[in-house]
Every structure is written in structure tokens, then in C-alpha cells.
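Chemist: show me how the following folds:
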Amino acid sequence: MNNPVTTLIRVPALAVLIALVIGITAPTASAQGTSGTLPGRDVPARTLPVPATVSPQMQKIIATPISPNWRTVPQSPDEWRASVATAAAAAVKNLPAMRDALKVKIEPMTIDGVKAFMLTPAVIPPQNRNRLLIHVHGGCFVSGPGESGTSEATMMAGFGGFKVLSVDYRMPPDHPFPAALDDVMTIWKAAQKMAPAKNMAVIGSSAGGGLTLSMVLKAKMDKLPLPAAIAPGTPMSDLTGAGDSFQTNALIDNVLISYGASCDVRAAMYANGRDLKDPLLSPVYGDMAGFPPTILNTGTRDLLLSNTVRVHRNLRRAGVIADLHVHEGQAHGGWYRDYTAPEAKETFEEIARFFDRHLGK
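Modeler: Sure thing, here's the model as predicted:
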């Protein structure tokens, strides 16, 4: 790649890592799903270079330093609302340029009482004209309200050539579980008046990926038609902190940082005291038999790499068609951080091809 970024990431030794995150971010042995009876492995301090095996745009994303305030979280509902609103306003400023570049228009709407946005590309290929995608945004169940949650949907519409209906679901601190899932289910039922289930897929990443999986579990429980395919990216599929990458990628993922940091605090607000192993909160514990064909994306530096891998294995054990894509060097959701990165176009086009193989016309 030209003009490689040379920033290095310093990873502390295990003892230093634990000291950094103790009390807030260090999961217990039981939270990791391990007995704690076998010795761990001390990892010496080392420096991680930014890989030259990715695009210059992705190198810049990987080189982004961890925020010095990553362990500071709002302490009251009003502080959360203010924090979410500030981040949303910043995100919205960047969306018109993206929509212009990808030739996508946006239309706000309310469907059976649930707010949503329709993202429509200027050109829809003939095979997609009777198809519709449902999008469930990320944001750790608390962030990404309104238009600010439509970035991924815009890329899917622009790169994939689909109409995409993005759900602006209710969120904490005002609306904990099951409000978000209820809103996604409301849109799923209503969308079947727009297109048959066999012509629809559901896509979402992070919390949106977890909700995508939970939505299929709930549809199975309620004996509703299932989508023809789903694309849960780096899904928050286990809120308990189980999984190897919560340890191996702690302080390496520059988005989620470590288990117990801001994202997990937000997820706990959403769970609102409910058992975190409830499959509608942590769908990796659900019965995935009969799931639609699934395409999963994650990265080698993703804190939720294990969440994604475990979902993939559960799907394969259940006999479900499931593709797993692990992206070089990427932390949590790296492929949708910059629409100009070739990795973004490649990933959404890959998802589009997967959908094309499994959706009706």
C-alpha cells in the first residue's frame, strides 16, 4: 500500500492491562465462561505496528488512538441523553456527503408507530426491484438515534443497490429491553406488506447485529415468516463477557476498548437487570436451528471476534448456511467506518452477492 501509516500501538503486559481495567473492565473468570482452574498465559509488553496489508484509509482507522476518557461514562440519565445527542449531531454532519457520493436519498417515515428511514439508491438493479432490506443500527443499544443511525444502511443501499429500511428503534435510558426488539419486530411485520419475506433480508452490526439475531429468534418463537437471509456484523451476541477475544483484543480494539467499558455499560442499561444469558439479549445462547442463511463479518482486532465466531459455529452446528469473513487488522466494525475505504465497498458488495444468492426476486 502507498503511504503506510507508521503509528505503533503499545500493548501493556498482562499485569499492567489488568491494573488499567480492574473494577470497570476486567471480566471475572466466570464471566468469561472459564473455570479459572487452569493457569493463564503472561504476555510480555509489545508494540503492534499498523499493518501495511490494508488500504491507507484503513491504516488511519487502525492507527486512531484510544480516547484517554474511555473509562469515563455518564452518571445520570440526563448525562446519557446529552452525550448521545452530541455524538449524534456530529455523525449527522457527515451523512449528506456520503449520500451524495453514493447517490442515495433518505426519507423519514413512521410505520405502525415506529420511526424509520428509507434509503433508496439512484439505481436499483432489476433483480433487486422487488426486494427490501431491513437495517438495525448499532450503538450499544443506546446510541445512534434518528438519522445518525443510518450510516451503515446508506452504504448498503449505495454499494449493494437495495432499498433499505432502517429502524429508528427506541433506546435507553428511557426505553430499556424489550423496546428495541419490539420496534424491530413491528417493522418486520409491517414490511411484509411491502415485500414478501422471501424477498427480504435483515442487516445490522454491533448491537444491530445482536438485535438481528434476536429478531430471528423472536420470529421463530412467534411463528412468523423469517427473512430469506441475514447479515449480523460483529454482533453483540453475548453480553456476559464470555469469549477469548474479550481478553486477547482488550486495549487493541480502539472502538470498544475492553469488556465493561462504555459499550457494556450501555448494554447493561438496555438489559435493565434481566438475565444476560436470556437469548433475546445474548442470542448466542439461543436455538439457531432453522435460521436463514447468514453472512457474518468481524476483524482480527475486534473485541467481538469471539462473539462472531461462536455465532458462526452455532449456526454451522445447526446445519445453517453461514459465511464468516474476518477482516485484516480491523477493530470493531472497521468496514463501515469510512465509505471511501476500498474495504467498505468490498464488504458491502460481498453482502449484496450473498443476499442475491438467497433472496427471491
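Chemist: can I get the CA coordinates of whichever strand or helix holds Asn314 in PDB?
Modeler: Using DSSP states H and E, Asn314 maps to helix 305-317. C-alpha atoms of helix 305-317 as PDB (Å, rounded to 0.1, in the frame of the first residue of the first chain):
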ATOM      1  CA  LEU A 305     -14.300 -11.600  17.200                       C
ATOM      2  CA  SER A 306     -15.200 -14.400  19.600                       C
ATOM      3  CA  ASN A 307     -18.900 -13.300  19.700                       C
ATOM      4  CA  THR A 308     -18.900 -13.600  15.900                       C
ATOM      5  CA  VAL A 309     -17.000 -16.800  15.700                       C
ATOM      6  CA  ARG A 310     -19.200 -18.500  18.300                       C
ATOM      7  CA  VAL A 311     -22.400 -17.500  16.400                       C
ATOM      8  CA  HIS A 312     -20.900 -18.900  13.200                       C
ATOM      9  CA  ARG A 313     -20.100 -22.200  14.900                       C
ATOM     10  CA  ASN A 314     -23.600 -22.500  16.400                       C
ATOM     11  CA  LEU A 315     -25.100 -21.800  13.100                       C
ATOM     12  CA  ARG A 316     -23.000 -24.500  11.400                       C
ATOM     13  CA  ARG A 317     -23.800 -27.000  14.100                       C
END
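Chemist: can you give me the angle the next helix or strand after it makes with helix 305-317?
Modeler: Of the helices and strands lying after helix 305-317 in sequence (DSSP H and E), the nearest is strand 322-327. Interaxial angle, strand 322-327 versus helix 305-317 (axes from the mean of the first three to the mean of the last three C-alpha atoms, to 10 degrees): 160 degrees.
Chemist: contacts for the next helix or strand after strand 322-327?
Modeler: Toward the C-terminus, strand 322-327 is succeeded by helix 342-358 as the next helix or strand (DSSP H and E). Helix 342-358 is contacted by residues 54-55, 57-58, 127-128, 131, 133, 155-156, 158-162, 201, 203, 228-229, 231, 292-293, 295, 297, 321, 323, 325, 327, 330, 334-339 when judged by C-beta atoms under 8 Å, 6 or more residues apart in numbering. (Glycine included, C-beta is placed from N, CA and C.)
Chemist: what about the nearest residue to Asp174 once chain neighbours are set aside, neighbour count?
Modeler: Distance criterion C-beta to C-beta, 6 or more residues apart in numbering; nearest residue to Asp174, sequence neighbours excluded, is Pro77 at 7.6 Å. Pro77 has 12 neighbours, counted by other C-beta atoms under 10 Å.
Chemist: repeat for Gly113
Modeler: 8.
Chemist: kindly report the same for Ser76.
Modeler: Ser76: 9 neighbours (other C-beta under 10 Å).
Chemist: show me where pLDDT drops low in this protein?
Modeler: Within the chain, the stretches with pLDDT under 70 are 1-36.
Chemist: could you pull out the helices for it?
Modeler: In the chain, the segments counted as helices under DSSP state H are 14-21, 56-63, 77-102, 151-160, 179-191, 207-221, 245-248, 262-271, 305-317, 342-358.
Chemist: narrow the contacts of helix 342-358 to those that are buried.
Modeler: For the contacts of helix 342-358, a burial check counting by 16 or more other C-beta atoms under 10 Å picks out 54-55, 57-58, 128, 131, 133, 155-156, 158-162, 201, 203, 228-229, 231, 292-293, 295, 297, 325, 327, 330, 334-339.
Chemist: can I see the domain layout of this protein?
Modeler: 8-63, 77-358 (automatic domain parsing).
Chemist: is Ile61 in contact with Trp335, as I believe?
Modeler: No. Using C-beta atoms under 8 Å, Ile61 is not in contact with Trp335, being 9.6 Å away.
Chemist: need the residues touching each of the two.
Modeler: Ala341.
Chemist: ok, now how distant is Arg313 from Thr234?
Modeler: According to C-beta to C-beta, to the nearest Å, Arg313 stands 16 Å off from Thr234.
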